[in-house]
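Student: how would this look folded up:
(chains A, B and C)
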Amino acid sequence: MTDTWNRHHVLSLADFTPDEYDTVLQTANSFREVLSRRTKKVPTLQGQVVANLFFESSTRTRSSFELAAKRLSADTLNFAPGSSSLTKGETILDTAKTYLAMGTDMMVIRHREAGVPQAIANEMDRLGVKVGVLNAGDGQHEHPSQALLDLFTITTLLDPNQPQLSLLKDKKIAIVGDILHSRVARSNLWSLTASGAEVHLAGPPTLVPQLFADFVKEPTDEGLGLKASSKQPDSSSSLNPLAFSRKLFLHWSLEPALRNADFVMTLRLQKERMTSHLLPSLREYHQQFGITRDRLKLCNPDVKLLHPGPVNRGVEISSDLMDDPQFSLISQQVTSGVAVRMALLYLMGSSKV
Amino acid sequence: MTDTWNRHHVLSLADFTPDEYDTVLQTANSFREVLSRRTKKVPTLQGQVVANLFFESSTRTRSSFELAAKRLSADTLNFAPGSSSLTKGETILDTAKTYLAMGTDMMVIRHREAGVPQAIANEMDRLGVKVGVLNAGDGQHEHPSQALLDLFTITTLLDPNQPQLSLLKDKKIAIVGDILHSRVARSNLWSLTASGAEVHLAGPPTLVPQLFADFVKEPTDEGLGLKASSKQPDSSSSLNPLAFSRKLFLHWSLEPALRNADFVMTLRLQKERMTSHLLPSLREYHQQFGITRDRLKLCNPDVKLLHPGPVNRGVEISSDLMDDPQFSLISQQVTSGVAVRMALLYLMGSSKV
Amino acid sequence: MTDTWNRHHVLSLADFTPDEYDTVLQTANSFREVLSRRTKKVPTLQGQVVANLFFESSTRTRSSFELAAKRLSADTLNFAPGSSSLTKGETILDTAKTYLAMGTDMMVIRHREAGVPQAIANEMDRLGVKVGVLNAGDGQHEHPSQALLDLFTITTLLDPNQPQLSLLKDKKIAIVGDILHSRVARSNLWSLTASGAEVHLAGPPTLVPQLFADFVKEPTDEGLGLKASSKQPDSSSSLNPLAFSRKLFLHWSLEPALRNADFVMTLRLQKERMTSHLLPSLREYHQQFGITRDRLKLCNPDVKLLHPGPVNRGVEISSDLMDDPQFSLISQQVTSGVAVRMALLYLMGSSKV
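Tutor: Here you go, the predicted structure:
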């Protein structure tokens, strides 16, 4: 299964190949089976050390990684930024090298600045050490394990035995909310468009990313669409060989994104956006872009809802809908998170490169 | 041993039966034996996850639960309120459901508001999941594991081989201090009166709980006594079938509570009570209600002292008395805590219901 | 190997014997071998509990001890001062006794006040319990595990198979920086002078310790030197039988300390020294006492650099030098730290006394 895997680091999904997506999905599925046992533990990483270097504090994601590591029997170290050498003026790279020198085998890194995990990975490579670096969220850049757990949640729903990228082909997926500031959205854009799904972004104009302006050339009747054939693969870019086939659409209103959607992925609204005048009010946001039972009627009847959490109840999603197992995949996402993170740590640890 | 145990949750001692108390005591006693070995660990909860969700911060109690879980070979997750999604607006129930979805088997919950552990337990039951919830202190309501470790400390002193509730029958136990605000006192009242012990509460009038006004009908020459026969079981209340036989006495001075007492349980005085004008000064409190070597002469010569910790030395107890092994059971209480919490986690995990 | 070891506690290096140094070095070397395996774990302390009581917060040292304990298969408890009973008025000794009563086998203690680990060790001895106490840094007093890891780093460089104290005989070692406030310097002075090395201290006059004024009687042409023969062993002091043979020199400029040095140990400069007017500016400090490639030419060509970390790049050491593996032993120090701390925990746990 791991013949197709040669990454020490998981930093971004921009250059993930379909084989790599499928390897993660299938590995995660085998760990999902482990998690259904009474003794949810395997000795895979016995004696190895996973350091959670969360320079930006987090409970949810850190706990998920910590649990994933422990269920692989690894020892874990947690870095607490509040009480750290950082306040003593040490650079981030020096902190990472300290954990390296202690004998850390894998580092899971979150930082408020984009690019920090990449910089640490570069340094590890420069030093010639086989230490894997996993980006657990860097600024507004990427959060690959979140997008992979979203992908796993969706594909195991479509085929619990053989989750694979191609199951999403021609599905319509709406991503709703603060696209501009969302590392979750950025990572999901790579995976979902790579699958051949039709991805529709919806949000207020202030939260629509400039980043995508390049991709979006031709308005369609459903918004601003990216025609598959209008963009040839850019031979100078090794990062994104699949860009030419991605189907991406932008909307500044909710309805065209929801129409016949198979999945609706809502993003967390950072309340601090209000103070920076990007949003009028939570109430107004909910009126325009909040997902309600009524609005879901626009979607495919089997539509499912996702949210990376934590949810502002009654803002991104109406509160009753969030708890409705007919529609909500939110708790499955959390469960998938542990299996997917076990898979990533396992694959990174077994990389031969 | 666990035939008499059918609880997933331990939230309150109000409805504990004598059989349940004895099951906890006997199970804890078998773990006490484990703790006397060099390798103080058993594989009982191998591969299970215990999440310590301490919304109110704590070192002592959290460490005790963490150690109990680790000695049962469980993996532990610690929730740090400071760095949590709570600051991002997530509800407490959503936080609990996130830990549930990650695969938590048992949750140990402390919160400054009474009723939070119960609310989380209700939600787990509503969802139909077999996740145990243990109340590690909720507001001024209850702290059942503390009362059970007090009970274990006392009963193993009376019979190290067969600790059981009935050993306390007709013993006189004084509880001294801030009854009004004490969750420790509340839980102990259920267990100690259930044992048939004579329980005497003593404290300044401002710290005497309104809660007990209902129970206390007839003044006695020793204070305000609750005559056993004067109260019939209330058939409308399934919570407290034993209330009619409880022997509870209130005093607004120390001496009648101490006279011939077999055990004196002092409560921690929250220094912030002074600022709210419930107490004149620590010095005056100690003069009226502090336990000193002199005052202990009023008690049974074999009297033992308990305190849930942390102690304000020289306030609740004179400093020398606290360290005197002839009288003080304080360190035994801490040791009992680990054994009792192992027992509770074990029993909750093995409940068939 | 442990015939020469009879310490429960490691509090100071003042009374360490050459045999004890060598026992630590050889034990650490055997653990270094364990750390080079894929499964870096041994079952030595299975079922034992190591409590990290860091009253002064730390990430680096705490992680190192935590990892050392985990690699010996111990369970660890971390004490977080921010959320502790200390804020509730509990004394430090009572906190330690609480962890004792929970079943802690070894305590690793850091505190901003000198003498706290010693006081806790005294209390453990008074109570007659076999709990080891390790000083992980107390005020400006000592940090023995740091000095031992420095010693291990240097001696394994000199002989990877047989690191021992005598390898340092007649080596010249410069210690540069804030000697006055450094617990690292204090512990290193004991070990390095005990080895028969020639130790040269250099720093600005404001940071030269009064402590050493007693030792330093006769100026030499290289600064203020302590002649080996000028001081007889003080029979009233059992702490320091080796003082008479220590070769210690003080300098208020860098050059004489560096000349022909085999090792240069730089100390961390606390930036808060500037606000207390002990230092003019970081730039001026670097100009006078910063280690640069140019200045290293004064040393032995094989000279190696050490620093306890975290480093203020460009202050104590020029940034490029810090990363140059030809000179810098900084990452080896961190690696040595885990092996040396495993050795200390192992030896303390196996002490027969």
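
Student: helix or strand right after whichever strand or helix holds residue A:134?
Tutor: Secondary structure assignment for residue A:134, by DSSP states H and E: strand A:132-138. The first helix or strand that comes after strand A:132-138 along the chain, using DSSP H and E, is helix A:144-158.

Student: and that following helix with chain B, contact?
Tutor: No. Judged by C-beta under 8 Å from any C-beta of the partner chain, helix A:144-158 makes no contact with chain B; its nearest approach is 11.0 Å. C-beta: built from backbone N, CA, C; applies to glycine.

Student: measure how that helix sits relative to strand A:132-138, angle-wise.
Tutor: On the basis of axes from the mean of the first three to the mean of the last three C-alpha atoms, to 10 degrees, helix A:144-158 is oriented at 90 degrees to strand A:132-138.

Student: average pLDDT for helix A:144-158?
Tutor: Averaged over helix A:144-158, pLDDT sits at 98.

Student: stretch A:246-256 now?
Tutor: So the average pLDDT for stretch A:246-256 ends up being 89.

Student: repeat for stretch A:198-206
Tutor: Stretch A:198-206 comes out at a mean pLDDT of 91.

Student: can you list contacts of it?
Tutor: The set of residues external to stretch A:198-206 that reach it, using C-beta atoms under 8 Å, 6 or more residues apart in numbering or on different chains, is A:170-180, A:185, A:189, A:192-193, A:208, A:212, A:222-223, A:246-254, A:256-258, A:261, A:278-279, A:285, A:288-289.

Student: can we see that at 7 Å?
Tutor: Here stretch A:198-206 makes contact (C-beta atoms under 7 Å, 6 or more residues apart in numbering or on different chains) with A:170, A:172-179, A:189, A:192-193, A:247-254, A:257, A:278-279, A:288-289.

Student: other SSEs contacting the strand holding residue A:134?
Tutor: helix A:60-71, strand A:106-111, helix A:116-126, helix A:144-158, helix A:330-350 (3 or more C-beta pairs under 7 Å, 6 or more residues apart in numbering or on different chains; DSSP states H and E).

Student: how about these, which one is nearest residue B:66?
Tutor: Across these, residue B:66 has its closest neighbour in helix A:60-71 (13.5 Å, C-beta to C-beta).

Student: now the element after the closest one, going C-ward?
Tutor: Next along from helix A:60-71, by DSSP H and E: strand A:75-79.

Student: which elements pack onto that next one?
Tutor: strand A:49-54, helix A:60-71, helix C:60-71.

Student: thought residue A:19 was touching residue A:4?
Tutor: Yes. Using C-beta atoms under 7 Å, residue A:19 makes contact with residue A:4 at a distance of 4.1 Å.

Student: pop out the phi and psi values for residue A:306.
Tutor: Here is the backbone geometry of residue A:306 (degrees, to the nearest 10): phi -130, psi 160.

Student: what ranges does the stretch 251-353 of chain A have for its strands?
Tutor: Secondary structure of the stretch 251-353 of chain A, counting by DSSP state E, counting those that start in this stretch: strands at A:263-266, A:304-306.

Student: burial of the closest residue to chain C within the stretch 201-350 of chain A, as a residue count?
Tutor: Of all residues in the stretch 201-350 of chain A, residue A:349 sits closest to chain C, at 10.2 Å by C-beta to the nearest C-beta. Residue A:349: 18 surrounding residues under other C-beta atoms under 10 Å in any protein chain shown.

Student: test my guess that it contacts residue A:45.
Tutor: Yes. In this structure residue A:349 lies within contact range of residue A:45 using C-beta under 7 Å: 6.0 Å.

Student: state the pLDDT value of residue A:226.
Tutor: Looking at residue A:226, the pLDDT reads 45.

Student: one more: residue A:32?
Tutor: 94.

Student: kindly report the same for residue A:280.
Tutor: 77.

Student: now the residue of the stretch 201-350 of chain A closest to chain C: how far from chain B?
Tutor: Distance, residue A:349 to chain B, by C-beta to the nearest C-beta, to the nearest Å: 19 Å.

Student: show me what contacts that residue?
Tutor: A:45, A:48, A:105, A:106, A:132.

Student: Serialize those to TSV and add fields for pLDDT and neighbour count.
Tutor: Output for those, formatted as TSV (pLDDT from 0 to 100; neighbours: other C-beta atoms under 10 Å in any protein chain shown):
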residue	pLDDT	neighbour count
A:45	95	24
A:48	94	22
A:105	95	22
A:106	97	25
A:132	97	23
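
Student: chain B: which of those residues is nearest?
Tutor: Using C-beta to the nearest C-beta, those come closest to chain B at residue A:45, 13.4 Å.

Student: okay, now the domains of chain A?
Tutor: A:2-143+A:334-350, A:145-333 (automatic domain parsing).

Student: among these, show the one with the smallest mean pLDDT.
Tutor: Across the domains of chain A, domain A:145-333 gives the lowest mean pLDDT, at a mean of 83.

Student: if we can go back for a sec, closest one of the contacts of residue A:349 to residue C:345?
Tutor: residue A:48 (20.2 Å).

Student: surely the closest one is in contact with residue A:73?
Tutor: No. Residue A:48 lies out of contact with residue A:73 (C-beta under 7 Å); the separation is 8.3 Å.

Student: hang on, residue A:249 in a strand?
Tutor: Yes. Under DSSP: H, G, I helix; E, B strand; the rest coil, residue A:249 falls within a strand.

Student: how many other residues sit next to it?
Tutor: Counted with other C-beta under 10 Å, residue A:249 comes out at 21.

Student: again with the one 4 residues further on
Tutor: Residues lying near residue A:253 (other C-beta under 10 Å) number 13.

Student: which stretch among the helices and strands packed on strand A:132-138 comes nearest residue A:299?
Tutor: Of the helices and strands packed on strand A:132-138, nearest to residue A:299 by C-beta to C-beta is helix A:144-158, at 14.3 Å.

Student: helix or strand right after the closest one?
Tutor: Following helix A:144-158 toward the C-terminus (DSSP H and E): strand A:172-176.

Student: does anything pack onto the very next helix or strand once past that following strand? Which helices or strands?
Tutor: Using DSSP H and E, the next helix or strand after strand A:172-176 towards the C-terminus is helix A:183-194. Secondary-structure packing of helix A:183-194 (3+ C-beta pairs under 7 Å, 6+ apart): helix A:18-35, helix A:144-158, strand A:172-176, strand A:198-202.

Student: mind doing that once more with 8 Å?
Tutor: On a contact count with 3 or more C-beta pairs under 8 Å, 6 or more residues apart in numbering or on different chains; DSSP states H and E, helix A:183-194 meets helix A:18-35, helix A:144-158, strand A:172-176, strand A:198-202, strand A:247-251.

Student: would you turn the ones you listed into CSV with distance to residue C:146?
Tutor: Listed next are those as CSV, based on distance: least, C-beta to C-beta, whole Å:
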stretch, distance to residue C:146
helix A:18-35, 40
helix A:144-158, 36
strand A:172-176, 51
strand A:198-202, 53
strand A:247-251, 55
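
Student: so which of these comes closest to residue C:27?
Tutor: Of all the helices and strands packed on helix A:183-194, helix A:18-35 comes closest under C-beta to C-beta, at 37.5 Å.

Student: alpha carbons of the closest one, as CSV, please.
Tutor: C-alpha atoms of helix A:18-35 as CSV (Å, rounded to 0.1, in the frame of the first residue of the first chain):
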residue,chain,number,x,y,z
PRO,A,18,-4.2,10.8,-6.8
ASP,A,19,-2.2,7.8,-5.7
GLU,A,20,-1.1,9.6,-2.6
TYR,A,21,-4.7,10.6,-1.8
ASP,A,22,-5.8,7.0,-2.2
THR,A,23,-2.9,5.7,-0.1
VAL,A,24,-3.9,8.0,2.8
LEU,A,25,-7.6,7.0,2.4
GLN,A,26,-6.9,3.3,2.4
THR,A,27,-4.4,3.5,5.3
ALA,A,28,-6.8,5.6,7.3
ASN,A,29,-9.5,3.0,6.6
SER,A,30,-7.4,0.2,8.0
PHE,A,31,-6.8,2.3,11.1
ARG,A,32,-10.5,3.0,11.3
GLU,A,33,-10.9,-0.7,11.8
VAL,A,34,-8.4,-0.6,14.7
LEU,A,35,-10.4,2.2,16.3
